[in-house]
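Colleague: after the sequence you'll find the predicted model.
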Amino acid sequence: MKKICNLFSFIGLCIMAGVYLLFAFPSRMRKKKDLYVFACDEAELPVQGVRQYYIDYPLRGRTVTKKFFIVNTGKELLVFSSVCTHLGCLINWHRTENRFMCPCHGGQYDNQGNVVAGPPPAPLNRLPLKIERQKVYIGLRV
Amino acid sequence: MGKFFEWLDRNFRIKKPHRRFLYRSIPEGVNYFFCLGGIAFALFILLFISGMMLAIYYVPSENEAFASILRIDNEVRFGWFIRSFHKWSANLFIVAIVLHTIRVFVYKAYRHPRELNWIAGSLILILAFASGFTGYLLPWDQKAYWATEVGTTMARTVPLLGPYLCYFLRGGQDVTGATLIRFYVIHVLYIPLFMCLLLWAHFHLVKHQGVKGGL
Amino acid sequence: MNRQKDFYPDYLIEILLVIFLIVELIVTLALLYPPAIGRQIDFSTPFSPRPEWYFLWLYQLIRYFPGSRIVIGTTVIPLTAVLVLILIPFIDKGKLGRLKVVIVGVLLLLSIVILTSIAVLIP
């Protein structure tokens, strides 16, 4: 009798914990979609070096502004997200040192997005770029 | 007044079972360092009260959280003082708990038969830290947002469970309003609730085992 | 002392007085140094968040573990520290128990104090 009582309480608690976890865990989100957003006119692209762009795009029913970098290495155009791959802070471009620098934990990237110093585990995220009718679009996953 | 309390206690009977607790004698070698636990408890109560006040005006939503903080600071009668009070009590609460832990450690008060009480105390310390972390997001300003971004990304680096943990904490893939509500509920409901349970256990054990005095 | 002190009211009054002083301290601090109001969230301005002072040791710790070794800084070391804290009564067993526990405790406290002060002194 006692054993049944204990077993019942135990099973009850387990069920409650399970239901709680399933309930509290975020439900499946919508899949991220590729979205090309307008960045600038082709004429505004950097001829040489790095330029930063503030781009507005819709996210969850609102407009958010985020920062992106477009690098012209002379051979190709690279687009980088400004999110540091270490712990998600935003990086700055330091012209004098020719580096992207993260203010949080001192991560540094060169103008190709590769890690040169500090703790980041991976190079900067590269985003696709598309030019249509003299307008530049950046591919985001939102 | 005294008669009222007598009547209350005749029915409720709380004094009698605590007689041994209230009128017990204090062992030798007790000094002012033994107040630290009591101070921490008092600070917990102050935090509870000021938190109850702040919760009346605070709105845990993505669009209104920051505005409601501004309202507390500028419009609510001495709202800025209550917010400041909550913040300072929180800091001193951590200090008091840590010092209390050190005091218990130095006086060897964690030894048999008080192992369980040490564990309960450690859990209270951890909960206090968790409360500090979740409370940091609530002002919903730049500092709060980026600190939480970094903190939850750190949770993602935990092997195996990390991504799920991060997802669970954020309530989605990014730090959003869903995260704010989660942190709010953890800060104002879950942690105080478990803290009260643990404090009850802590005092229950002190009541039974007594204060260990002397070195 | 002739008479043994009782918890109530001899001891409780002292505790209450100390608590009264603490409340005074908080009120003074709260009046003198109210927390600043931050800036509104901006997803495009780099911002280097500093955690509360009691998380600074962790903040400083993860700086020493670059790349994928960050697991050590975020999981292994904090988890060990917490486990050691909880298990202190069980480390203190046997003849050299107290010695072991003192070494472990002092190491734990000292490393946290040192990491925190590094983070405070070198921003």
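Modeller: Yep, it's here. Numbering: from 1, shown residues only, chains lettered A, B, ... in the order given.

Colleague: what's the longest helix in chain C?
Modeller: Longest helix in chain C by number of residues, with DSSP state H as the criterion: helix C:97-121.

Colleague: list the contacts of that helix.
Modeller: The contact list for helix C:97-121, computed with CB atoms under 8 Å, 6 or more residues apart in numbering or on different chains, reads B:102, B:105, B:108, C:53, C:56-57, C:59-61, C:81, C:84-85, C:88, C:91-92. (C-beta placed from N, C-alpha, C; glycine too.)

Colleague: for the spatially most central residue of chain B, give me its contacts.
Modeller: Geometric centre of chain B, nearest residue: B:A128, 4.8 Å, by CA atoms, centre = their mean. Residues in contact with B:A128 (CB under 8 Å, 6+ apart) are B:93-94, B:97, B:195.

Colleague: cross-reference these with the helices and report the matches.
Modeller: Using DSSP H, the contacts of B:A128 in helices are B:93-94, B:97, B:195.

Colleague: any idea which element A:V50 lies in?
Modeller: strand A:49-59 (DSSP states H and E).

Colleague: quick check: buried residues in that strand?
Modeller: A:50-51, A:53, A:55, A:57 (16 or more other CB atoms under 10 Å in any protein chain shown).

Colleague: sorry, back to before: quick check: which element contains the residue nearest to the centre of chain B?
Modeller: Counting by DSSP H and E, B:A128 is part of helix B:115-137.

Colleague: OK, contacts around the residue sitting nearest the centre point of chain A?
Modeller: Nearest to the mean C-alpha position of chain A, counting by CA atoms, centre = their mean, stands A:V83 at 5.3 Å. A:V83 makes contact with A:89-91, A:125 under the criterion CB under 8 Å, 6+ apart.

Colleague: up against chain A, what does chain B have?
Modeller: B:146, B:149-150, B:153-154, B:164, B:167-168, B:170-173, B:176, B:178 (CB under 8 Å from any CB of the partner chain).

Colleague: just the buried residues of the contacts of helix C:97-121.
Modeller: B:105, B:108, C:56-57, C:59-61, C:81, C:84-85, C:88, C:91-92.

Colleague: in strands only, show me those residues.
Modeller: Among the buried ones among the contacts of helix C:97-121, no member falls in strands (DSSP state E).

Colleague: so A:G106 belongs to a strand, correct?
Modeller: No. Looking at A:G106 with DSSP: H, G, I helix; E, B strand; the rest coil, it is coil, so not inside a strand.

Colleague: what's the first-to-last distance across stretch A:121-129?
Modeller: 24 Å (CA to CA, to the nearest Å).

Colleague: could you do stretch B:18-25 as well?
Modeller: Terminal-residue distance, stretch B:18-25 (CA to CA): 13 Å.

Colleague: in that stretch, what counts as buried?
Modeller: B:R24.

Colleague: do it and chain C meet at all?
Modeller: Yes. If you take CB under 8 Å from any CB as the test, stretch B:18-25 does meet chain C, through B:21-25.

Colleague: how far does the one helix or strand in chain C whose mean pLDDT sits lowest sit from its chain's centre?
Modeller: For chain C, scoring each helix and strand by mean pLDDT, DSSP states H and E identifies helix C:70-71 as the least confident one, at a mean of 87. Distance of helix C:70-71 from the chain centroid (CA atoms, centre = their mean, to the nearest Å) equals 22 Å.

Colleague: got it, and stretch A:122-138?
Modeller: On CA atoms, centre = their mean, the centre of stretch A:122-138 falls 14 Å from the chain's centre.

Colleague: name the residues of it that come out as buried.
Modeller: Counting neighbours by 16+ other CB under 10 Å, stretch A:122-138 gives A:124, A:127, A:129, A:136-138 as buried.

Colleague: strands - which of these land there?
Modeller: Those of the buried residues of stretch A:122-138 lying in strands (DSSP E): A:127, A:129, A:136-138.

Colleague: can you list the residues you listed in CSV and add pLDDT?
Modeller: Shown next, in CSV, are these (pLDDT from 0 to 100):
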residue, pLDDT
A:L127, 86
A:L129, 83
A:V136, 84
A:Y137, 85
A:I138, 84
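
Colleague: neighbouring contacts of stretch B:38-46?
Modeller: Outside stretch B:38-46, the residues touching it (CB under 8 Å, 6+ apart) are B:85, B:89, B:92-93, B:96-97, B:100, B:195, B:199, C:15, C:18-19, C:22-23, C:26.

Colleague: can you list the residues of chain A near chain C?
Modeller: So chain A meets chain C at A:54, A:64-67, A:82, A:86-87, A:89-92, A:102-106, A:118-121 (CB under 8 Å from any CB).

Colleague: which among the residues you listed count as buried?
Modeller: Buried among those by 16+ other CB under 10 Å: A:66-67, A:82, A:86-87, A:89-92, A:102-105, A:118-120.

Colleague: returning to what we had before: so what secondary structure elements neighbour the strand holding A:V50?
Modeller: Secondary-structure packing of strand A:49-59 (3 or more CB pairs under 8 Å, 6 or more residues apart in numbering or on different chains; DSSP states H and E): strand A:34-41, strand A:62-72.

Colleague: now do the last one: everything it contacts.
Modeller: Contacts to strand A:62-72, defined as CB under 8 Å, 6+ apart, come from residues A:39, A:45-58, A:77-82, A:90, A:93, A:100, A:111-113, A:127, A:129, A:136, A:138, C:42-44.

Colleague: quick check: the residue nearest to the centre of chain B vs chain A, distance?
Modeller: Using CB to the nearest CB, to the nearest Å, B:A128 is found at 22 Å from chain A.

Colleague: residues contacting the most centrally placed residue in chain C?
Modeller: The residue lying closest to the centre of chain C (CA atoms, centre = their mean) is C:Y54, at 5.0 Å. Applying CB under 8 Å, 6+ apart, one finds that C:Y54 lies in contact with B:94, B:129, B:132.

Colleague: so chain C: which segments form each domain?
Modeller: Domain assignment for chain C by automatic domain parsing gives C:1-35, C:53-121.

Colleague: weakest of these in terms of mean pLDDT?
Modeller: Least confident of the domains of chain C, judged by mean pLDDT, is domain C:1-35 with a mean of 84.

Colleague: starting at the chain centroid, how far to that domain?
Modeller: On CA atoms, centre = their mean, the centre of domain C:1-35 falls 22 Å from that of its chain.

Colleague: thinking again about what came up before, ok, and the most crowded of the ones in helices among the contacts of B:A128?
Modeller: In terms of neighbours by other CB atoms under 10 Å in any protein chain shown, these top out with B:I97 at 24 neighbours.

Colleague: and that one, what pLDDT?
Modeller: 96.

Colleague: that one and B:L125 touch, don't they?
Modeller: Yes. B:I97 lies in contact with B:L125 (CB atoms under 8 Å); the separation is 5.3 Å.

Colleague: give me the below-cutoff pLDDT ranges for chain A.
Modeller: A:28-32 (pLDDT under 70).

Colleague: how about 50 then?
Modeller: Nowhere does chain A drop to pLDDT under 50.

Colleague: next to chain B, which bits of it? Give me the list.
Modeller: So chain A meets chain B at A:24-26, A:29, A:32, A:60, A:87-89, A:104 (CB under 8 Å from any CB).
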